[in-house]
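[1] Here's a sequence, model it:
(chains A and B)
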There are 2 protein chains.
Amino acid sequence: MQIIPLGGLGEFGMNSMAIRYGDDILVLDAGMMFPDAELLGVDIVTPDFSYLQENAACVRALILTHGHEDHIGGVPFLLSELDVPVYGTPFTLALVERRLEEHQMLDRARLNRVKPGQKLEIGPFSIEFIHVTHSIVQCVAVAITTPLGVIIHTGDFKVDPTPTDNELFDLHTLAAYGKRGVLLLLSDSTNVDRPGYTESERAVAPRLEDLFVRAPRRLVIACFSSSIHRLQQIIDLADEYGRKVAFIGRSMLATTEIAHDLGLLTIPNGILLRPQDVMQSVPNKVVAIVSGTQGEPMSAMSRVAVDNHKSLSIEPGDTVALSARIIPGNEKAIYRMMNHLARRGADVIYGSTNPPIHVSGHGSSEELRLVLNLVRPKYFVPIHGEYRQLAKHAQLAQHLSHWGLEGTFVLESGETLEIDAAGARKGAPVTVGRVCIDSGTLDEVVEDMVIRDRRHLSEDGFVLPIIAINKHTGRSETLPEIVSRGFMSMEESSEVLSEARQVVLRTLESSTAEERGDWGVMQEKIRADLKRFLLKQTSRRPLIMPVILEI
Amino acid sequence: MQIIPLGGLGEFGMNSMAIRYGDDILVLDAGMMFPDAELLGVDIVTPDFSYLQENAACVRALILTHGHEDHIGGVPFLLSELDVPVYGTPFTLALVERRLEEHQMLDRARLNRVKPGQKLEIGPFSIEFIHVTHSIVQCVAVAITTPLGVIIHTGDFKVDPTPTDNELFDLHTLAAYGKRGVLLLLSDSTNVDRPGYTESERAVAPRLEDLFVRAPRRLVIACFSSSIHRLQQIIDLADEYGRKVAFIGRSMLATTEIAHDLGLLTIPNGILLRPQDVMQSVPNKVVAIVSGTQGEPMSAMSRVAVDNHKSLSIEPGDTVALSARIIPGNEKAIYRMMNHLARRGADVIYGSTNPPIHVSGHGSSEELRLVLNLVRPKYFVPIHGEYRQLAKHAQLAQHLSHWGLEGTFVLESGETLEIDAAGARKGAPVTVGRVCIDSGTLDEVVEDMVIRDRRHLSEDGFVLPIIAINKHTGRSETLPEIVSRGFMSMEESSEVLSEARQVVLRTLESSTAEERGDWGVMQEKIRADLKRFLLKQTSRRPLIMPVILEI
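    Down below sits the predicted model:
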């Protein structure tokens, strides 16, 4: 048996894990990540699924633990390469359907709804879904009984003792597996750095209620559209305090409709306000729930911040709260949004307030210990985290190993674990990586080489010497032309570039006839001489690309 | 009288403030900021000092409150444009000297050492320096008595009741000014979002001591080289627990030497270890104090993390602590560094630990209230913060206005305040802005246009159609050439680009003789047609720059 992390181990996001027993492969989750700033011009990143493509005949199913983008965002890309049945809870699949529809792939997808407690037989695997609590509804862990023993994959979780929908984490089933014996636990490491317990989702209620009590005018709350528990709490408070509710933003409208249709979101009759009616209503009788918490430039909240949204304008005295996590890397964009809102006269609430305006959906170290103690696995692999988090989770497990933990393995994506009757050990690596996608269509992959060029261009622009060569004489008959952009301003560069033309000319003239006969050689010589000249004159290193035109 | 913020109000960093009375101008601080990621290829950013240049004959002095980069980093740039005497404490000036030396400007700079309690008369201004506590030593607030009344500028501060050097915040002098009456307070807003009091610098001692007690092998602590209080605490603990101390990193070596020479850092005899001797010493008898806390790629700590430092290697079991603030925008770089260190087997400590491994140098809301209550100004302008922070600080002051606060003004850089016998009001704006500098030399300014081009290039690269035109016939005799980089990979783009050549050819052929006679028109037509074609074919918007060669 092999455990093959395809994404999300040693990196943040794009979670995907393959479990192989002989010729049967199960895939758990197929997520995406948003690109780092250095991936210039890339919109989304998915795992490289080539291992699954190469073993397409063996892949039996894709199982989804929950509906967050870092677990389902790669599904259209995986299904475009592989025709495989998908299993997930109704809410998870409804979110997947939305993505598949965008790519016109919904017709041919084989989506199968499952619910917690349900069991499935797929090849040699017997699969049970176990309800866990998290910041999204209908979230499951998966217990996979294999011929070698039971594997438990937690998905993402926290152990919320008082979830707003009263659907408790099914600790009993986890405990029962633990009692019978578990071969391998794969457990979420996101919040291993945090001591103690993560607060219950209900912990945000006092702060939210305070907003409803105090906001003198319009109340605007930005949160993740998939945080159905959070939305329900806001709607309940709106009902109690006599405010109408407007959902604003494309994903907010879509997700609340899905959740309402599935009976996961209770919306009192007559409480909803259409976005276009918000500005016509009495300001202190409205709460707008807006998507776009991370300062994404095209999101509803970002547009509202710069007063460029068609149905919502901020006016002095309005209250704007960010009820969401600040994802590392997005701080500056979020603060910029908050500055704009403050400039419009809004009272802005965000960050680590007390009582909290947001609580995490991931378990802190005590909850991770609880799950380890309940499951009592023989082997443990921390999942979902950067390396420092996986390492810390492994350390934490080793300190608890009193029940007989035989091995803890810190794997990064592409590193595999092999398990047989003799035990577990690291196996041969498989090809993984990231696929960078432009504009969100399935086939516009941006190659590493192209991104490298963009990075070079973004630093110092380009300088292009153009040499026209007479194809009969093989000689350049005019002075070389040089064009540049992103290098220096026109005025500044004119002198440098006119000297640069002389440099190119000298390179041409000082070359032997043999060199001049080989354009590749000439291009390389010109590049090298020009690079040296420009570095010395300007301390800059533009991308230099000599062009030789045959006339 | 005019209050003219040149930088640092409504933006983070590059603090600079001018105070003008008639024909006399005082400048307080001349800082820099590190650029946002979108300022491609820019190394540092300083305020645009053109207001001071235009009024050069009126500028009497530059007064520095303390030695942090966001207060002194712009000094060489200001002095290169303006010959003006500089006043600051010895440590502040020593750090300025280092910067001036790098730019070969030390000889002609007029640096004047001052100390807390000292008074200066400059033009119509009578200036007193007041000791404040902050994360750097020898930090002052400035009281400026003008013909219209007293202005107090706090610089950066916290109110540390137990500073490690026992040099308390001089609240008495502040109170005395407050009692006599203060016209205007300018006060630091950095931590206005935090409730309560910022903990004393001594609060990091328990966590640091814990590191010395528990670290089984080498102990590596990354911190700001200018945090002399922090360094002293680490050195004292090293002495107590029998570890030798190695300073690692260029700025760490330079700053500790300056602080030691000035008697601000006490280093027990024989405790220092040369960087090159660290790896030869018994691992549990060494602490390395390393600069580079923000994941800057060329810093010592970043090099250590990727095992590319000449004198320090991380080995399994080493302990690495980040005893510094994570500056917003640097999270990803810092976490990447921590991941590398964890991969090498280090136990890594960073972030919000309890007890804290780092405390802020800026006062929280209660300290800001304390200063407002002591100074009891007639007018208040919050300084040093982004807009949301300035707005919150103004709000906080208004809630305290029982002593007779007559006006609070939220100014952003370039907005001015005018004060005369009749009162204070917003005045006409002055030209401010940011100057983007490449490679840290004084004259390599990157213009906005160039940065805009780089941003465009970084998104989708460039496509350059090159058309050779016979200067006798005015006709293109060969097929247009097209070169591109950062756009699509070679294989993908070859078909698109060969079609694009036909597009250019068609544009040429369909143009009238008159159009063909005007190269500007032809370039614009080609750009427009090609842009439309490429957007349709590839959804990308590369920078298109048609080049017409006259042969």
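[2] can you give me the mean pLDDT across the helix or strand residue A:339 falls within?
    In this structure, residue A:339 sits in helix A:331-343 according to DSSP states H and E. With pLDDT averaged residue by residue, helix A:331-343 scores 94.
[3] Give the helix, strand or coil label for residue A:529.
    Following DSSP: H, G, I helix; E, B strand; the rest coil, the label given to residue A:529 is helix.
[4] cool, and residue A:126?
    Classification of residue A:126 using three-state DSSP returns strand.
[5] Without its sequence neighbours, what residue ends up closest to it?
    residue A:145 (4.1 Å; C-beta to C-beta, 6 or more residues apart in numbering or on different chains). C-beta: built from backbone N, CA, C; applies to glycine.
[6] Need phi/psi at that neighbour.
    Backbone geometry at residue A:145, expressed as degrees, to the nearest 10, gives phi -90, psi 120.
[7] where's the nearest residue to residue A:277 once chain neighbours are set aside, which helix or strand?
    With C-beta to C-beta, 6+ apart as the criterion, residue A:277 has its nearest non-adjacent residue at 7.4 Å, and that residue is residue A:246. When elements are assigned from DSSP H and E, residue A:246 belongs to strand A:244-248.
[8] now could you export just the CA positions of that strand as CSV?
    Provided in CSV are the C-alpha atoms of strand A:244-248 (Å, rounded to 0.1, in the frame of the first residue of the first chain):
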residue,chain,number,x,y,z
LYS,A,244,-33.2,43.4,6.7
VAL,A,245,-30.5,41.2,5.1
ALA,A,246,-28.9,41.8,1.7
PHE,A,247,-26.5,39.3,0.3
ILE,A,248,-23.9,41.1,-1.9
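[9] contacting residues around it?
    The list of residues contacting strand A:244-248 from outside it, by C-beta atoms under 8 Å, 6 or more residues apart in numbering or on different chains, reads A:234-235, A:238, A:253, A:256, A:267, A:271-275, A:277-278, A:281, A:285-291, A:300, A:304, A:309, A:311-312.
[10] Filter those residues down to just the buried residues.
    Buried members of those, scored by 16 or more other C-beta atoms under 10 Å in any protein chain shown, are A:234-235, A:238, A:253, A:256, A:267, A:272-273, A:275, A:278, A:286-291, A:300, A:304, A:309, A:311-312.
[11] In contact with residue A:359, which residues?
    Taking C-beta under 8 Å, 6+ apart, we find residue A:359 in contact with A:198, A:199, A:200, A:201, A:203, A:204.
[12] Is there a neighbour count for the first one? I'd like the number.
    Other residues lying near residue A:198 total 22 when counted by other C-beta atoms under 10 Å in any protein chain shown.
[13] any idea how far it lies from residue A:355?
    Separation of residue A:198 from residue A:355 (C-beta to C-beta, to the nearest Å): 14 Å.
[14] Over to residue A:244?
    25 Å.
[15] swap in residue A:138?
    27 Å.
[16] before we move on, what about residue A:183?
    Distance, residue A:183 to residue A:355, by C-beta to C-beta: 42 Å.
[17] go on, residue A:232?
    18 Å.
[18] Check residue A:260 too.
    The gap separating residue A:260 from residue A:355 is 28 Å, by C-beta to C-beta.
[19] follow-up on the earlier one: looking at residue A:244 and residue A:355, which one has more neighbours?
    Neighbours per residue, other C-beta under 10 Å: of residue A:244 and residue A:355, the larger number sits with residue A:244, 19 against 14.
[20] Need the pLDDT of the more buried one.
    Taking residue A:244 on its own, its pLDDT is 98.
[21] for the one 10 residues further on, same thing?
    If you check residue A:254, the pLDDT there is 96.
[22] Let me know the secondary structure of it.
    Per three-state DSSP, residue A:254 ends up helix.
[23] Which residue is the nearest non-sequential neighbour of it?
    residue A:98 (6.2 Å).
[24] Distance of that neighbour relative to chain B?
    Distance, residue A:98 to chain B, by C-beta to the nearest C-beta, to the nearest Å: 21 Å.
[25] quick one: contacts of the helix or strand containing that residue?
    Using DSSP H and E, residue A:98 maps to helix A:90-102. Identification of contacts with helix A:90-102 by C-beta under 8 Å, 6+ apart yields A:64-67, A:72-73, A:75-76, A:79, A:86, A:88, A:106, A:109, A:111-113, A:115, A:136-138, A:226, A:228, A:254-255, A:258-259, A:261-262, A:264, A:440.
[26] Now, of these, which are buried?
    A:64-67, A:72-73, A:75-76, A:79, A:86, A:88, A:109, A:111, A:136-138, A:226, A:228, A:254-255, A:258-259, A:264.
[27] Next to chain B, which bits of the stretch 151-300 of chain A? Give me the list.
    Residues of the stretch 151-300 of chain A found near chain B (C-beta under 8 Å from any C-beta of the partner chain) are A:193, A:195.
[28] what about the residue in the stretch 401-550 of chain A that chain B sits nearest to, how many neighbours?
    Residue of the stretch 401-550 of chain A nearest chain B, by C-beta to the nearest C-beta: residue A:458 (3.4 Å). Counted by other C-beta under 10 Å, the residues lying close to residue A:458 total 27.
[29] In contact with it, which residues?
    A:40, A:486, B:40, B:41, B:454, B:455, B:457, B:458.
[30] in whichever strand or helix holds it, what's buried?
    Residue A:458 belongs to helix A:448-460 when elements are defined using DSSP H and E. Neighbour counts over helix A:448-460 (16+ other C-beta under 10 Å) mark A:450, A:451, A:453, A:454, A:455, A:456, A:457, A:458, A:459, A:460 as buried.
[31] Mind pulling up the pLDDT for the closest residue in space to the fifth one that isn't next to it in sequence?
    Spatially, and ignoring its direct neighbours in sequence, residue A:455 is nearest to residue A:40 (5.9 Å; C-beta to C-beta, 6+ apart). According to the model's per-residue confidence, residue A:40 sits at a pLDDT of 76.
[32] isn't residue A:40 right up against residue A:451?
    Yes. Contact criterion C-beta atoms under 8 Å: residue A:40 and residue A:451 qualify, at 6.0 Å.
[33] picking up where we left off before, which ones among the buried ones among the contacts of strand A:244-248 are found in strands?
    Judged by DSSP state E, strands contain the following of the buried ones among the contacts of strand A:244-248: A:286, A:287, A:288, A:289, A:290.
[34] and for stretch A:289-297, what are the contacting residues?
    When contacts are defined by C-beta under 8 Å, 6+ apart, stretch A:289-297 is touched by residues A:220-225, A:231, A:234, A:245-252, A:299-304, A:312, A:322-327, A:330, A:332-337.
[35] do stretch A:328-336 as well
    Contacts for stretch A:328-336 (C-beta under 8 Å, 6+ apart): A:12, A:36-37, A:293-297, A:302, A:322, A:326, A:350, B:36-37, B:328-329, B:331-332, B:335, B:386, B:388.
[36] Filter those residues down to just the ones in strands.
    Of the contacts of stretch A:328-336, the ones assigned to strands by DSSP E are residue A:322.
[37] Pull out the buried residues from the contacts of stretch A:328-336.
    A:12, A:293-296, A:302, A:322, A:326, A:350, B:36, B:329, B:331-332, B:335, B:386, B:388.
[38] In space, what's closest to residue A:78 - neighbours in sequence excluded?
    Nearest one to residue A:78, counting by C-beta to C-beta, 6+ apart, is residue A:30 at 4.5 Å.
[39] swap in residue A:285?
    residue A:243 (5.5 Å).
[40] In this structure the one you found contacts residue A:282, no?
    No. When contacts are counted by C-beta under 8 Å, residue A:243 is not listed as touching residue A:282 (9.6 Å).
[41] which of the two has more neighbours?
    Neighbour count, other C-beta under 10 Å: between residue A:243 and residue A:282, residue A:243 has more, with 24 against 10.
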